[in-house]
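**Q** I'd like to go over a predicted model; first the sequence, then the structure.
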Amino acid sequence: MNPIGVLCLQGDFREHLQTFESMGQETIRVRKPQDLEGISGLVIPGGESTVIDKLSKSFALRDPIIKHIHEGLPIFGTCAGLILLADRLKDAAPGQETFGGLDVVVQRNAFGSQVDSFEEDVDFDGISHSVHAAFIRAPIVTEIGDGVSVLAKLKDGRVVGVRQGNILGISFHPEVTGETSIHEYFADMCRSANFSSNN
């Protein structure tokens with residue numbers, strides 16, 4: 001399988017790279033449009049969604065990423081990455097844009113500020129055991145379109161994991177808790193998609 005790209009503009013991209021490395025999965029750091037060539041999937045990490053939005057435009061990555069999403073490249077967004085993949089945002093910052101692709105509404109910072117961060121074990125559809133997840137100024141999915149599958153919910157029923165075709169989005173950070181199962185799930189998505197952005 002070709003390398004999985006990790007968008008390395010801002011946020012906790014290093015933790016994603018380390019998680020894939022621990023699995024023996026080859027990665028590439030995506031910082032310019034040519035870095036998207038030949039990848040089998042792309043991770044959009046947690047961080048500041050407004051900053052990643054602005055930097056993607058500054059580095060001429062926004063349009064190529066949107067093009068790859070529409071062409072079927074597997075995409076995995078965590079926390080801010082989920083926000084950037086949502087078609088619609090609740091409480092968006094002024095002028096904030098997303099890459100889109102997920103037919104959902106996402107509410108930013110749904111759990112409050114950094115001090116309201118918490119960890120919880122979450123059942124995840126397609127993974128045989130519960131996933132230990134860290135929620136750090138996390139968003140939630142408040143509305144879901146017809147083509148979207150819910151993969152994970154909190155005990156109170158709030159949706160924190162969704163998939164629509166080639167796009168996987170979660171509210172939490174498995175990469176900071178030593179959890180590899182969701183990265184393995186995404187790697188399987190990339191293998192089964194057999195996508196090449198050289199096509």
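**A** Perfect, I can see it now.
**Q** packing partners for the lengthiest helix in the chain?
**A** If you go by DSSP state H, the chain has its longest helix at helix 181-193. In terms of contacts (3 or more C-beta pairs under 8 Å, 6 or more residues apart in numbering; DSSP states H and E), helix 181-193 is packed against strand 4-7, helix 13-23, strand 41-44, strand 75-78, strand 167-170. C-beta coordinates here come from the backbone N, C-alpha and C atoms, glycine included.
**Q** restricting to C-alpha, output that helix in CSV.
**A** The C-alpha trace of helix 181-193 is given here as CSV (Å, rounded to 0.1, in the frame of the first residue of the first chain):
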residue,chain,number,x,y,z
SER,A,181,-7.3,0.5,16.5
ILE,A,182,-9.0,3.4,14.7
HIS,A,183,-5.8,4.1,12.8
GLU,A,184,-5.8,0.4,11.8
TYR,A,185,-9.5,0.8,10.8
PHE,A,186,-8.5,3.7,8.6
ALA,A,187,-5.6,1.8,7.1
ASP,A,188,-8.0,-0.9,6.2
MET,A,189,-10.2,1.7,4.5
CYS,A,190,-7.2,2.8,2.4
ARG,A,191,-6.3,-0.8,1.4
SER,A,192,-9.9,-1.6,0.4
ALA,A,193,-10.2,1.7,-1.6
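**Q** what mean pLDDT does it get?
**A** Averaging pLDDT along helix 181-193 gives 96.
**Q** Ser117: which of the helices and strands packed on helix 181-193 is closest?
**A** strand 75-78 (14.1 Å; C-beta to C-beta).
**Q** quick check: the gap between Thr27 and Glu48.
**A** 22 Å (C-beta to C-beta, to the nearest Å).
**Q** quick one, which of the two is more surrounded?
**A** In this view Thr27 and Glu48 are compared by other C-beta atoms under 10 Å, and Thr27 has more residues nearby, 21 against 15.
**Q** let me see the contact set for the residue nearest to the more buried one when sequence neighbours are not counted.
**A** Setting aside the residues directly before and after it, Thr27 is nearest to Phe20 in space (C-beta to C-beta, 6 or more residues apart in numbering), at 4.8 Å. Phe20 makes contacts with 4, 6, 26-27, 183, 187, as judged by C-beta atoms under 8 Å, 6 or more residues apart in numbering.
**Q** run the last query once more with 10 Å
**A** Contacts for Phe20 (C-beta atoms under 10 Å, 6 or more residues apart in numbering) come out as 3-4, 6, 26-27, 43, 175, 180, 183-184, 186-187.
**Q** and Asp12, how many neighbours?
**A** 18.
**Q** any idea how far the residue nearest the centre of the chain is from Leu168?
**A** Centroid check for the chain by C-alpha atoms, centre = their mean gives Gly77 as the closest residue, at 0.5 Å. As judged by C-beta to C-beta, Gly77 and Leu168 stand 7 Å apart.
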